[in-house]
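Student: How does the following fold in three dimensions:
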Amino acid sequence: KRSLSRHVQIVSEQQDDGALREHMDADHDGKINPQEMRVHLQSINIHLDILLQRLELEWAMSQMIVKLPNFALCMMCFVLGLYTLSPAAGISIVNHQLASHFELSSVQLQSIRTFDDIYDFLQRFRDKNEELMPLSPKYWCETRY
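Tutor: Okay, the predicted model is just below:
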C-alpha cells in the first residue's frame with residue numbers, strides 16, 4: 001500500500017496540483033499516506049497503464065536480482081579466462097617493442113608528407129621487417145645468395 005501510495009498520480013481539474021496536495025495532506029507532513037488517500041478517494045485518478053508498467057518493471061527487477069549473482073560470477077570467470085589467454089601486460093610489452101623496432105612513433109609518422117616520404121618509410125619498414133624474419137637473406141650464411 002505504501003509503495004502504491006507513493007506512485008499514485010493525482011490528477012485534478014484545477015490548475016494548481018500543489019493546492020490539491022496540500023488539501024489532501026491532513027497532517028501537513030508533506031507526504032500523502034494511505035489513510036489520507038482513502039478520505040479523498042473521489043478526487044484521485046490512478047492511471048492503470050502507468051501502474052501496470054510500474055508493476056511489470058518491479059517484477060522484472062525482482063527476477064533480475066535473483067539472476068545477478070550468477071551473471072557476476074560468469075562475468076568474473078570470463079574476464080579471468082580472457083586475461084589468462086591473452087595477458088594484457090605481455091601483449092603491451094610486445095606492442096611497444098614492435099613500435100620501437102619499426103620506428104612507429106607519432107612524431108615519425110607525422111613527418112611523412114609526400115609520396116617520396118611514403119616510399120622511404122615503406123623501404124625502411126621492409127628492411128626492419130627483414131631483421132625480424134629468421135629466414136631473411138640478412139641471416140644466410142652462404143654469401144653466393
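
Student: which element is the residue sitting nearest the centre point of the chain on?
Tutor: Nearest to the geometric centre of the chain sits residue 75, at 14.1 Å (CA atoms, centre = their mean). According to DSSP states H and E, residue 75 maps onto helix 48-85.

Student: same thing with residue 92?
Tutor: helix 88-101.

Student: for the protein, which spans come out with low pLDDT?
Tutor: Within the chain, the segments meeting pLDDT under 70 span 1-18, 20, 43, 139, 142-145.

Student: can you do 50?
Tutor: 1-15 (pLDDT under 50).

Student: Buried residues of stretch 29-41, list them for me.
Tutor: 32, 33, 36, 37 (16 or more other CB atoms under 10 Å). Heads up, the C-betas are built off the backbone N, CA and C, glycines and all.

Student: Among these, find me the one that's closest to residue 101.
Tutor: residue 32 (72.3 Å; CB to CB).

Student: Can you tell me the SS state at that closest one?
Tutor: Taken by DSSP: H, G, I helix; E, B strand; the rest coil, the conformation at residue 32 corresponds to coil.
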